[in-house]
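>>> Mind looking at a prediction? Sequence and model below.
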Amino acid sequence: MCLRHKKILFGISGGIAAYKTPDLLHGWVKMGFEVETILTESAEAFVSPMVLSTLSKRRVWRECDFLSPEYGWRIPHISLTDWADLFVIAPCTGNVLRMAAEGDSETLLGAALLANQKPLLLFPAMNCKMLANEAAQRHMKTLEARGAVVVDPDSGMLACGYEGKGRLPSAAVIDDYVKMMLCAKKDLAGLRVVVTAGPTHEYIDPVRYISNPSSGKMGYAVARAAWQRGAEVTLITGPSTLTRPAGIKVVETVSADDMYEACMKASEEADVIVKAAAVGDYKAANRAEQKIKRGGAQEFTLELVQNRDIAAALGRRKRPGQVLVGFAAETQNVLENAQRKMAEKNLDIIVSNDVLAQGAGFAVDTNVITILERGAEPARFSGTKEEAADRLLDAVAALTAKR
């Protein structure tokens, strides 16, 4: 999914969180977005127009440009909204919520909101008492009823000293929503997609476990891409340091048994299941309740037993029309092993990759995969894990459309 050259109209209003906006803007430019910025008069107390202009490589539209002899003839509130693919306001203060809901067009930002017919994405940020006020809640509901996406603020320590809900979400969360709104491909809309990701930890005693180097990057990329393409997504994740994706239900698990139970429950209503997790094949036959001490022993024997096979269990209980996707991380006979796994576990699609190949493997940002599907020629792809996720979901979308 290529989002380069998409156009964002960025409205910045006068909340303390405005100081974070240069990093947001800089990130979007690095992603290849074109960004025009409207800065309210009060926002200039928190962020410099010069900084934003330098980062965007464009002028910044200020309130003094609204009806000015120099720029007013360009009718910026019309031309900017005509130009944009997406209108984002972050932070969105209580006053801007009111302006948007009531159609107050006394300012450049208010006039742009009134003229706007493009997708609108709002990130309210304010004191927790202001956010809870009936007027702010009413304005948000009004805007949502008109089709705007209003993202809940984060909770935590606020600049005013209060602790509660009202913080501007992280740049990662904002970026997830921006990409979702700009994604024109919504071929998974209406589908419930379950994705597993990350490793499992099979504890030997309270301080030691058996695991693998999986970071969860591939599974998280699939979950994000499915959500961006319109699906209702549940991510079942093993222990991972990755930031949890925005807009997605996340189920935290530790062991293979935890993940098994979560998958069986989620599969009951899933239309698509993507098994991208690197689940441990074995666990300790007897987990010690206390730390095992060395005690001078030169050798230690650990008895292992097999974990339940999640993919095989899902394959046995697969409903008509349900799509089951597996992953096969191999080091030899890569395609043959993947094809055998697909047949034995009743998978519809399997993604095969040689973890020893350059540009593939665990904890890296790229992957080299072969997508195997019943009755189709193998499709090989190399690129970022985000690109690989989109290529896989192309195959999933085509298969669900047939069914």
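Structure's in. What do you need?

>>> so where is this structure shaky, pLDDT-wise?
Along the chain, segments meeting pLDDT under 70 span 1-2, 71-72.

>>> Which helix runs longest in it?
The single longest helix within the chain, with elements called by DSSP state H, is helix 385-402.

>>> Show me what that helix is in contact with.
Outside of helix 385-402, the residues within contact range by Cβ atoms under 8 Å, 6 or more residues apart in numbering are 1, 187-188, 191, 217-218, 221-222, 224-226, 229, 271-272, 274, 323, 325, 348-349, 351, 365-367, 369, 371, 373, 379, 381-383. Every C-beta, even on glycine, is put in place using the N, C-alpha and C of the backbone.

>>> Filter the residues you listed down to the ones in strands?
By the criterion of DSSP state E, membership of these in strands covers 272, 274, 323, 325, 349, 351, 366-367, 369, 371, 373, 379, 381-383.

>>> Would you check which pair of these lies furthest apart?
Farthest apart among the ones in strands among the contacts of helix 385-402 by Cβ to Cβ are 323 and 366. That separation is 25.5 Å.

>>> Please enumerate the helices of the stretch 1-150 of the chain.
21-30, 49-56, 76-83, 94-102, 108-115, 128-132, 134-145 (DSSP state H, counting those that start in this stretch).

>>> that older thread, tell me the angle of the longest helix of the chain relative to strand 379-384?
140 degrees (axes from the mean of the first three to the mean of the last three Cα atoms, to 10 degrees).

>>> follow-up on the earlier one: now the contacts of helix 385-402: which count as buried?
Buried members of these, scored by 16 or more other Cβ atoms under 10 Å, are 1, 187-188, 191, 217-218, 221-222, 224-226, 229, 271-272, 274, 323, 325, 348-349, 351, 366-367, 369, 371, 373, 381-383.

>>> Would you mark the buried spots in stretch 40-53?
40, 42-44, 46-47, 49, 52.

>>> Work out the gap between it and the centre of the chain.
When distances are taken as Cα atoms, centre = their mean, to the nearest Å, stretch 40-53 is centred 29 Å away from the chain's centroid.

>>> End to end on it, go ahead and measure it.
14 Å (Cα to Cα, to the nearest Å).

>>> do stretch 355-373 as well
Span of stretch 355-373 from end to end, Cα to Cα: 20 Å.

>>> Just give me the neighbour total for residue 68.
Residue 68 has 13 neighbouring residues, counting by other Cβ atoms under 10 Å.

>>> beta partners of the nearest residue to residue 10 once chain neighbours are set aside?
Leaving aside its chain neighbours, residue 10 sits nearest to residue 37 (4.7 Å; criterion: Cβ to Cβ, 6 or more residues apart in numbering). Per DSSP bridges, the residues bridged to residue 37 are residue 10, residue 60.

>>> isn't residue 37 right next to residue 58, touching?
Yes: at 7.3 Å, residue 37 counts as touching residue 58 under the criterion of Cβ atoms under 8 Å.

>>> and those two? which has more neighbours close in?
More neighbours surround residue 37 than the other of residue 37 and residue 58, with 24 against 14 (other Cβ under 10 Å).
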